[in-house]
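Colleague: the following block contains a protein sequence and its predicted model.
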Amino acid sequence: MFKKFMVLLVGLIVFSIAATTNRYIITRGDLANCSSVAIDKYSSSIPWSGSAGGISYSAAELRAAGEKQAGITTYDHQQNGNQGNRVIPYPAGDDTCVHVCWTYSPDEVEEHPHRAIHCNWWSNTVDSFFLSNGVKASGAFKAGYTTMGVLPDGRSVVAFHERESASLTADYVSMVAVEAGPGFRIFLEPQDIGVNNPPVVENPIWPHILVGAEGTIHVTAHVSKEEGDPDPADYNDLYYSRSTDEGVTFSPWQVIAENPEGTPGGMNDAAMAVSRDGKKIAVSWVRAVSEETSYGHPTYVESIDGGLTWSNPVFITEERYGWDFPMADDTTQLFADPRDMDLAYDDDGNLHAVWVEGPRQHQTDGDYVSFIKFTGRVMHWSEATGDFSRPSGLFGTYIWTDSTGTVLDTAMMDDAWWGTDPDLWVPGDPERRENYCGVWRPQISTSDDMLVVTFGANRFPWDVSNAGTINGEIYVAVSTDGGYTWGPTEDFSYEQKIADMDRHWWNAHKGCVTNITKTPTPDARQGSCADEDHHSACPLIGSDDILHLTYIKDLFSGPALSNYYTEGFYTDNPIIYLPYKLNVGEVVGTFNINGTHYPNIGIAEEHAVNQTSIQVLGSNVFSKSVSFELDVPLTTGSLKIYDASGSLVKTVYEGGFSGSKTLTWDGTDSKGKHASAGVYFYSFITPEINQSGRLVLVR
């Protein structure tokens, strides 16, 4: 008790001095009411004077757009995958005082030896943050990858990992720090979660944290694997711990899920959700289909008794994707992208999940096995209905070509390596793609009448830095019917989108979503990019319909990690807090592909991909022509005829599908000549399925 009192006393003295130095006095009442006064109302230390492509930004313009700067960091990589919660209003559902945390580093050298966890508090009362760069919540040595919660009395709780000592070879441990008192804005000494726990093979790190309504602190973590070390026995295990005494003690680490030995685990990217009453907790990750790939099935485990006991893993897409691996070369199959999944409970306690889904092509080269990413879209699943739906259309990173391999519409694709998602793709330059699946890091938030999905993406092929890295932006889609349909938060007109800068269906067809940051900075140099990345959305939306977001505005796009393709040096990047008022926009018009009209992309899908089907009408032994009946949800695909040697005879159809369709092969080849009698095979391929069958042509 004496130690905690001394920490509190010293902290109050330090912050009183800091406040006086900045020409204002902070009183205990100010702290308790979260109503401090910043040096200036936007306290930005970043000179937003750069210009790129005729676009420039100032602090005033950012503030006019609703963005508020909580601090800065050179370390823009905030999480490995799922972003967790780094912004929470208190009281819940209000914006009186909004808590924000992030990984801070002042370094401009590799490895960022100096890293700490910072927190800041936005006061809506005085329209400012507490301090220009927040306060430190972590201990002494290289902390990172933080998430946060808020106790019922309004105290911040942050989780992170940090080194046990200053040595670069020291182990990381998972820590939790709790604010000293409501509105005090200083933290007690961080608590090692494992200190009261029995030893495990290695310390679980990358902690994610949530605080239930009753004040229970829930933590999940994963064991670190050092490069070159043999896999520890529990490398693929997901750990859980909780505190029922406000972070003073934690329960022993408990393994709540295991991946098969040798299978790549996405568990260091696990997402977590807690129900409104605090009784249900769910933790999710992407379960790989094989040790040779990290793509696979969105999976979760759930506790319905506040974290005491846990269910067996539930594979959300077991029927949708299947477990076939390896696939035949040059075939495609849907899988979930690793590290991009999130969960939330609605008001009724039903679970909702979102993740990035895309067709993956399996290729082998000797002993090397790879998956080629084509494109990605955000998918949603509802526990209440079991249905899948699409909050976004496809965002792709492959170039649109014709059948000869010629790139189409190059005028719209100035640096045409970022592409679209029609029927034909060729890969772009892999060294110039950071987020090469096109859409990334979806987050889901809920209110009493809405589901809201936010995600990062890049709609415009020309919006890249002068180093070729992607300037991402944040998009949002809203559902008011439990996830059955999705729409924008601003009015959306297909005709207008096509008439304006999109100009073509391949931008309009990505769906009725709203770009809420709108900061294109094409060909921008260091310090002038506006790459919104590593965003975190508060999972709870209050009656005010305010979505609370925080993200990094990277001034030179590309992650500041040496093992990624990066910008090569670092910038002081603002930590942005954005309260976004949600509305439901009106959708006008449709778009078309090859004469087929498509409505809002946000439509519900059937439970399984095998709902897509093709049937031969009549006998598959024919003399003149044979017809096929297809039942296909909104997608693209092809129907082709091959002879017994495997040579392509004719492409019957290639393009968009929507609903039932009848196609006929008239028995001729691609040149219009009658095919000779013999055995043929039809091949029907979409991003979801690959079906084929035998045909016999008699003359």
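Modeller: The structure has been received and is ready for your questions. Only a predicted model underlies this, so the values are computations on that prediction, with no experimental measurement involved.
Colleague: low pLDDT regions in the stretch 101-250 of the chain?
Modeller: 109-111, 195-201, 224-236 (pLDDT under 70).
Colleague: for it, what spans make up the strands?
Modeller: In the stretch 101-250 of the chain, the segments counted as strands under DSSP state E, counting those that start in this stretch are 116-123, 128-129, 135-136, 144-150, 156-163, 172-178, 191-192, 204-211, 217-223, 237-243.
Colleague: got a markdown table for these, with mean neighbour count and distance to S619 too?
Modeller: All C-beta spots, glycine's among them, are computed from the backbone N, C-alpha and C. Supplementary listing: those in a markdown table, determined by neighbours: other CB atoms under 10 Å; distance: least, CB to CB, whole Å:
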| stretch | mean neighbour count | distance to S619 |
| --- | --- | --- |
| strand 116-123 | 26 | 70 |
| strand 128-129 | 23 | 74 |
| strand 135-136 | 20 | 76 |
| strand 144-150 | 25 | 61 |
| strand 156-163 | 26 | 65 |
| strand 172-178 | 24 | 65 |
| strand 191-192 | 18 | 73 |
| strand 204-211 | 25 | 58 |
| strand 217-223 | 26 | 56 |
| strand 237-243 | 24 | 53 |
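Colleague: T446: which of those strands is closest?
Modeller: strand 204-211 (13.9 Å; CB to CB).
Colleague: tell me which strands that closest one pairs with, and in which orientation.
Modeller: Strand 204-211 has the following sheet partners, assigned by DSSP bridges: strand 217-223 (antiparallel).
Colleague: next, the angle from the partner strand to strand 237-243.
Modeller: 150 degrees (axes from the mean of the first three to the mean of the last three CA atoms, to 10 degrees).
Colleague: how about the contacts made by A116?
Modeller: Listed by CB atoms under 8 Å, 6 or more residues apart in numbering, the contact set of A116 reads T103, Y104, S105, K136, A137, S138, A143.
Colleague: change it to 7 Å
Modeller: With contact set as CB atoms under 7 Å, 6 or more residues apart in numbering, A116 has these partners: Y104, K136, S138, A143.
Colleague: please identify which of the residues you listed is nearest to R185.
Modeller: R185 has its nearest neighbour among these in K136, at 11.0 Å by CB to CB.
Colleague: do I have it right that E246 meets T216?
Modeller: No. The pair E246 / T216 is not scored as a contact, 9.3 Å apart, by CB atoms under 7 Å.
Colleague: neighbour count winner among these two?
Modeller: It is T216, of E246 and T216, that has more neighbours when counted by other CB atoms under 10 Å, with 21 against 16.
Colleague: sorry, back to before: redo the contacts of A116 as TSV? Include distance to D533.
Modeller: Listed next are the contacts of A116 as TSV, based on distance: CB to CB, whole Å:
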residue	distance to D533
Y104	16
K136	23
S138	22
A143	20
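Colleague: any idea which of those is the one closest to R115?
Modeller: Nearest to R115 among these, with distances taken as CB to CB, is A143, at 5.6 Å.
Colleague: got phi/psi on E319?
Modeller: Torsion angles at E319 (phi, psi; degrees, to the nearest 10) stand at phi -80, psi -30.
Colleague: for it, give me the pLDDT.
Modeller: We have a pLDDT of 83 for E319.
Colleague: and D346, by the same measure?
Modeller: Reading off the model, D346 has pLDDT 94.
Colleague: list the contacts for it?
Modeller: H352, T446.
Colleague: also G306?
Modeller: T216, G278, K279.
Colleague: the stretch 351-500 of the chain: strands as residue ranges?
Modeller: Assigned by DSSP E, counting those that start in this stretch, the strands in the stretch 351-500 of the chain fall at 351-365, 368-373, 375-382, 388-389, 395-396, 398-400, 425-427, 439-446, 451-457, 473-479, 492-493.
Colleague: understood, closing this out.
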